[in-house]
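A.B. asks: here is a sequence together with a model predicted from it:
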Amino acid sequence: MNVIRAKTAGFCMGVSLALQTLDSTLHEKNRICTLGPIIHNPQVLAAYEAQGVVCVRDASQLRFGDRVIIRAHGLPLQDEAAARARGAIVVDATCPRVKKAQLSIARATRHGASLLLFGEAEHPEVRGLISYTHATAHVFSNREELEPLCFGTRPHCVLASQTTQDCNTFIQLERILRARFPDLVVLSTICDATSSRQEEARAIAANVDVMVVVGGRQSGNTRRLVDVAALSGIETFLVESADELDAKKFLQKTRVGLTAGASTPKSLIDATELWLTSL
């Protein structure tokens, strides 16, 4: 099997920095916690759990003196405040791109503008982004959810996006909104690495028979890579490891594309590539 592997597959800068921050605390005597999964990859999370890192669901589970790492996706302001109120030592490992988006939203809405945010309402990054809004915030994940927000009088609106959303879709949504709101303020909050990863996935998918995307199923950017590849009309598989692949699915296939989400370790991508090349 001829495998075309994406050069952009694997850890992004934000994930690498967050894990480096967590690694730097592992030698400390304090209990090390993350408030929610630090990244969306089950194998990575299991490895840190084995080293004693505790993933807590909310700040009420923190103890005085715990060192709590803010996840790469960021954290709602109220959750960070709650962690500090519990006496925890807070270490911010928010991806710099996410932090930039948070601060951009805060500045753009400080005089009362409404935020229109393209993203997944229940995603932790989105919950963090809207916590920085000074006025009302409306989250939508597609054009159908956007339409009801386009009616009525909204003289001051700000459009932003979850950092891992599809860039092409965002541009289309921006055109729709500009037709309704000529004074619309648009923030460029989609990460450059996300855009590059999606463009490479499109290019590879256009030249192979089948596509494999490696990454956690809870990872939004990984799921969007699957969507991008599938739009090329080829069968696309999302797996968390090579163990999930079925050789029967690759019969009569000669070229396979391989990419991975921003939270996927190189070891898992390498193992998947080895499995595919052995067919």
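C.D. replies: Perfect, I can see it now. Quick caveat, the model's predicted, so the values are computed rather than measured. Numbers count the residues shown, from 1 in each chain.
A.B. asks: so Leu173 is in which element?
C.D. replies: Leu173 is located in helix 167-180, with elements delineated by DSSP states H and E.
A.B. asks: so after that helix, what's the next helix or strand?
C.D. replies: Downstream of helix 167-180, the first helix or strand assigned by DSSP H and E is strand 185-186.
A.B. asks: that next one - which strands sit beside it in the sheet, and in what orientation?
C.D. replies: strand 157-161 (parallel) (DSSP bridges).
A.B. asks: where in the stretch 1-150 of the chain is pLDDT low?
C.D. replies: 150 (pLDDT under 70).
A.B. asks: helices along the stretch 1-150 of the chain, start to end?
C.D. replies: Ranges of helices within the stretch 1-150 of the chain are 13-23, 42-50, 77-85, 96-108, 124-130, 143-146, based on DSSP state H, counting those that start in this stretch.
A.B. asks: state the distance from Leu21 to Thr272.
C.D. replies: Residue 21: Thr, not Leu. Thr21 sits 27 Å away from Thr272, going by C-beta to C-beta, to the nearest Å. Any C-beta I mention is one placed from the backbone N, CA and C, and that applies to glycine too.
A.B. asks: which one's more surrounded, the two?
C.D. replies: Thr272 (27 against 17; other C-beta atoms under 10 Å).
A.B. asks: distance of that one relative to Asp66?
C.D. replies: 36 Å.
A.B. asks: just the angle between the helix holding Leu173 and strand 157-161, please?
C.D. replies: 170 degrees (axes from the mean of the first three to the mean of the last three C-alpha atoms, to 10 degrees).
A.B. asks: what packs against helix 167-180?
C.D. replies: Applying 3 or more C-beta pairs under 8 Å, 6 or more residues apart in numbering; DSSP states H and E, one finds that helix 167-180 makes contact with strand 114-118, helix 143-146, strand 157-161, helix 192-205.
A.B. asks: next up, the contacts around Val239.
C.D. replies: Val212, Val213, Val214, Leu245, Thr272 (C-beta atoms under 8 Å, 6 or more residues apart in numbering).
A.B. asks: now with 6 Å, please.
C.D. replies: Going by C-beta atoms under 6 Å, 6 or more residues apart in numbering, Val239 touches Val214, Leu245.
A.B. asks: before we move on, the earlier item: of all the helices and strands packed on helix 167-180, which one is nearest Pro182?
C.D. replies: Closest approach to Pro182 among the helices and strands packed on helix 167-180 (C-beta to C-beta): strand 157-161, 10.5 Å.
A.B. asks: mean confidence for the closest one?
C.D. replies: For strand 157-161, mean pLDDT rounds to 95.
A.B. asks: what angle sits between that strand and helix 192-205?
C.D. replies: Using the same axes, to 10 degrees: strand 157-161 against helix 192-205 is 60 degrees.
A.B. asks: which residues are contacting strand 157-161?
C.D. replies: Applying C-beta under 6 Å, 6+ apart, the external contacts of strand 157-161 come out as 105, 108-109, 113-118, 170, 177, 181, 184-187, 189-190.
A.B. asks: quick one: buried ones out of these?
C.D. replies: Buried members of the contacts of strand 157-161, counted by 16 or more other C-beta atoms under 10 Å: 105, 108-109, 113-118, 170, 177, 181, 184, 186-187, 189-190.
A.B. asks: quick one on the thing from earlier: make TSV from the helices and strands packed on helix 167-180 and add distance to Val239 to it.
C.D. replies: Shown next, in TSV, are those (distance: least, C-beta to C-beta, whole Å):
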stretch	distance to Val239
strand 114-118	27
helix 143-146	29
strand 157-161	27
helix 192-205	15
